[in-house]
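*Asks:* sequence first, predicted model second:
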Amino acid sequence: MKQSRFKQLLLAIFLIAVQAISAASTAEIPNKTVKKKKPKTHLPKSSKQKAQPALPGPLYAKRVDAMHAADDIAQRRNLDRDWVRHAIGQSHYLPLVAKFIQPPLVGTAKNWRVYRSRFIDPVRTAAGVKFWQDNRETLARAEKETGVPTEIVVGIIGVETIYGQQTGTFRVMDSLTTLAFDFPASHPRAKERSEFFKAELEQYLSLAHRTKIDPFSLKGSFAGAMGMPQFMPSSWVKYGVDFDGDGKVDLFNSPADIIGSVANYFKAFNWQPGMPTHYPVSFEASKLNMEALLLPDILPTFSVDSFVAKGAVLKGAALKHIGPLALVELQNGDDAPSYVAGTENFYAITRYNWSSYYALAVIELGQAVASEIKNKP
């Protein structure tokens, strides 16, 4: 009996010890467990800092060079000196703008298929169909007056801003002032680009003063492009048209002005009515001179005969093309590049954005929207 009680006592002591050890062990486990099971949205400190929106830097009011430039702009443009000084002086340096304007890292592989997938998708195409249907008569009028196809106008506006859904969140004054006076010195064309943005800042101030717009009220891209077609200030001044006849050019809210201005832009850059933008091309290996074909880049240089003589193979309508051609190469990462024979109209699209990838995305988005319109009952 005593032996039985002794065994029970030993068992009780053993159980108490086990519970104590277990409690001590699990007291440390929750910290490890919680650490592992933190929500995925809970970022580490460094990541949270990167995710924070960049705060504006200092004002330009105390920058001697900026104030001298303000005085110069006011004098040459016959603007109120204090107004120009206030506009530039109350602009903020934006570190994020200086970061975004840098060119891509050397060695970054271009990929047409990836690039294309960003712009030709069901969401953008559906928005393009609605824009086309809502503005059918205006688009037809613009095409009749300028010769620029509706597909190209629709493609441009879709690629630029998804038909007004993404017109930019940066104050235009802040962006232009930052790039005018603090363009990154590490950029290979820093001096040239800084001068370009000083000229754009001047155009913007002149435009705002003339149209009585608060220069701080407009928002655009990090580079200062504005409205649904993302015109820079100089393009707004040169190519913007009052297509709705209300006495002003509104590239934010007037679909007619937006459509008319985009079409007018291409007309100004010598759009050839009725000319295709590009043709399919393949190669004859036995006489291919790829180096010579690619040397002029996207500038149309070769006659059809010269193009073919260097090993490019064209078919059908392309063989009857009148005017110069360019061999346009679009890289696909590690896969083989894609090629098209670009015409003067293809080159005209690259005057909107100097990229063959951009131009072909505009063309193919316009074609996708046109196809949807055609197939609608």
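*Replies:* Ah, there it is. Just so it is clear, the structure is predicted and the values come from calculations on it, not from any experiment.

*Asks:* in the stretch 101-250 of the chain, which spans are helices?
*Replies:* According to DSSP state H, counting those that start in this stretch, the stretch 101-250 of the chain carries its helices in the segments 112-119, 122-134, 136-146, 150-161, 172-181, 190-211, 233-239.

*Asks:* tilt between the first one and helix 150-161?
*Replies:* By that I understand helix 112-119. Inter-element angle recorded for helix 112-119 and helix 150-161: 90 degrees (by axes from the mean of the first three to the mean of the last three C-alpha atoms, to 10 degrees).

*Asks:* what's the first-to-last distance across stretch 324-341?
*Replies:* Counting by C-alpha to C-alpha, to the nearest Å, you get 10 Å between the two ends of stretch 324-341.

*Asks:* please begin residue numbering at 675 from this point
*Replies:* Yes, from this point I'll number from 675; that puts the last item at stretch 998-1015.

*Asks:* tell me which of the helices of the stretch 775-924 of the chain sits nearest to residue 892.
*Replies:* helix 846-855 (4.7 Å; C-beta to C-beta). From N, CA and C alone the C-beta is placed, and that goes for glycine too.

*Asks:* look up how far residue 1037 lies from residue 1019.
*Replies:* For residue 1019, the distance to residue 1037 (C-beta to C-beta, to the nearest Å) stands at 9 Å.

*Asks:* overlap of the contact sets of those two?
*Replies:* When contacts are counted by C-beta atoms under 8 Å, 6 or more residues apart in numbering, the set common to residue 1019 and residue 1037 consists of residue 951.

*Asks:* and the helix or strand where residue 1012 lies, what does it pack against?
*Replies:* Residue 1012 is located in strand 1009-1016, with elements delineated by DSSP states H and E. Using 3 or more C-beta pairs under 8 Å, 6 or more residues apart in numbering; DSSP states H and E as the contact criterion, the secondary-structure elements in contact with strand 1009-1016 are helix 786-793, strand 952-954, strand 1000-1006, helix 1030-1049.

*Asks:* so can I have TSV of those showing mean neighbour count, mean pLDDT and distance to residue 985?
*Replies:* Listed next are those as TSV, based on neighbours: other C-beta atoms under 10 Å; pLDDT from 0 to 100; distance: least, C-beta to C-beta, whole Å:
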stretch	mean neighbour count	mean pLDDT	distance to residue 985
helix 786-793	15	96	22
strand 952-954	18	98	15
strand 1000-1006	20	97	10
helix 1030-1049	20	96	20
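
*Asks:* export the ones you listed to JSON lines and tack on distance to residue 904?
*Replies:* Formatted as JSON lines, the entries for those read as follows, by distance: least, C-beta to C-beta, whole Å:
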{"stretch": "helix 786-793", "distance to residue 904": "14"}
{"stretch": "strand 952-954", "distance to residue 904": "23"}
{"stretch": "strand 1000-1006", "distance to residue 904": "22"}
{"stretch": "helix 1030-1049", "distance to residue 904": "12"}
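
*Asks:* right, so of those, which gets closest to residue 836?
*Replies:* Set against residue 836 and scored by C-beta to C-beta, these come closest in helix 786-793, at 9.2 Å.

*Asks:* so the closest one versus strand 1000-1006, what angle?
*Replies:* 80 degrees.

*Asks:* now the residue positioned nearest the centre of the chain. Nearest residue, chain neighbours left out?
*Replies:* The residue at the geometric middle of the chain, judged as the C-alpha nearest the mean C-alpha position with C-alpha atoms, centre = their mean, is residue 834 (6.3 Å). For residue 834, the nearest residue in space outside its immediate sequence neighbours is residue 904; the separation is 4.4 Å by C-beta to C-beta, 6 or more residues apart in numbering.

*Asks:* for the one you found, what are its contacts?
*Replies:* Contacts here follow C-beta under 8 Å, 6+ apart; on that basis residue 904 touches 834-835, 841-842, 894-895.

*Asks:* now with 7 Å, please.
*Replies:* Residue 904 makes contacts with 834-835, 895, as judged by C-beta atoms under 7 Å, 6 or more residues apart in numbering.

*Asks:* before we move on, what about residue 984?
*Replies:* Residue 984 sits next to 963, 966-967 when contact means C-beta under 7 Å, 6+ apart.
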